[in-house]
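K.L.:
structure for this input, please:
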Amino acid sequence: MAKVYFYYSAMNAGKSTVLLQSSHNYRERGLRTLLFTPAIDTRHGPGRIESRIGLASDAVPITAADDILARVTDEHARAAVACVLIDESQFLTPAQVWQCSDIADTLKIPVLCYGLRTDFQGQLFPGSAALLAIADDLTELKTICQCGRKATMNLRIDAHGRGVREGAQVEIGGNDRYIAMCRRHFKEAIAGRLIVATPPRPAT
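P.N.:
Okay, the predicted model is just below:
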């Protein structure tokens, strides 16, 4: 039976790397995969998934208005799809998560979703909440805080390395804007008791 899988973590746990490796494993065996990524994430260009270790692939950019089930149904009719993989799945709408379940239940195609569990305020993203509720398999991908403990929180920082407490839930960024931390140090940073050294920006 095909399933919906949700692989979740804090920032920089290698979600995109695992996604791209999973897709490669299918394709190496001659099986077709479909990759999706949010259209709002243009850090690497539209419709592009890139990992921090250099793996990359083109993907289908999707917005909140897109019907993933309809897109996969059309693609599957044209040429068999063995697996659907979705990057940054925290940005899916709850309706799109249910569409993913229809892909697994009706089309019998496994759907592998990779994303953050919570935002910079420790609140669930709507897409992540829906996936935690209805996905068949839940797997935490682990990364570590600067102290060596498991990181579970995503700290948004300003240009001076201070924790940001307020703002829009969605603000696209990488290491220059977010740092994965354990809960203890996340709370200290939010309270202003911990200043995080910002990582060096790449030369331009």
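K.L.:
quick one, phi psi at the closest residue to residue 129 other than its chain neighbours?
P.N.:
Nearest residue to residue 129, sequence neighbours excluded (CB to CB, 6 or more residues apart in numbering): residue 94, at 7.5 Å. (C-beta placed from N, C-alpha, C; glycine too.) Backbone torsions of residue 94, given as degrees, to the nearest 10, read phi -50, psi -40.
K.L.:
in the lowest-mean-pLDDT helix or strand in the chain, what's buried?
P.N.:
Lowest by mean pLDDT, DSSP states H and E among the helices and strands of the chain is strand 48-50, with a mean of 78. For strand 48-50, burial by neighbour count (16 or more other CB atoms under 10 Å) applies to 48, 49, 50.
K.L.:
sheet-wise, list the partners of that strand with their directions.
P.N.:
strand 56-58 (antiparallel) (DSSP bridges).
K.L.:
what does stretch 27-35 contact?
P.N.:
Residues outside stretch 27-35 that contact it (CB atoms under 8 Å, 6 or more residues apart in numbering): 19, 23, 26, 49, 57-60, 71-72, 75, 79-87.
K.L.:
need the buried ones from those residues selected in ChimeraX.
P.N.:
Entered in ChimeraX, the line below selects the buried ones among the contacts of stretch 27-35, by 16+ other CB under 10 Å:
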select :19,23,26,49,57,59,60,71,72,75,81,82,83,84,85,86,87
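K.L.:
filter the contacts of stretch 27-35 down to the ones in helices?
P.N.:
19, 23, 26, 71, 72, 75 (DSSP state H).
K.L.:
turn those into a markdown table, including distance to residue 111.
P.N.:
Formatted as a markdown table, the ones in helices among the contacts of stretch 27-35 follow (distance: CB to CB, whole Å):
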| residue | distance to residue 111 |
| --- | --- |
| 19 | 12 |
| 23 | 13 |
| 26 | 13 |
| 71 | 12 |
| 72 | 9 |
| 75 | 13 |
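K.L.:
relative to residue 8, which of those is nearest.
P.N.:
Nearest to residue 8 among the ones in helices among the contacts of stretch 27-35 is residue 19, at 12.3 Å by CB to CB.
K.L.:
gap between the closest one and residue 185?
P.N.:
As for residue 19, its distance to residue 185 is 28 Å (criterion: CB to CB, to the nearest Å).
K.L.:
equivalent analysis for residue 11, please.
P.N.:
For residue 11 relative to residue 185 (CB to CB), the value is 14 Å.
K.L.:
also residue 23?
P.N.:
34 Å.
K.L.:
now do residue 14
P.N.:
Counting by CB to CB, the gap from residue 14 to residue 185 is 21 Å.
K.L.:
neighbour count for those two, which is higher?
P.N.:
Set residue 14 next to residue 185 and count neighbours by other CB atoms under 10 Å: residue 185 wins out with 21 against 18.
K.L.:
so the more buried one, which state does it fall into?
P.N.:
Here residue 185 is recorded as helix under DSSP: H, G, I helix; E, B strand; the rest coil.
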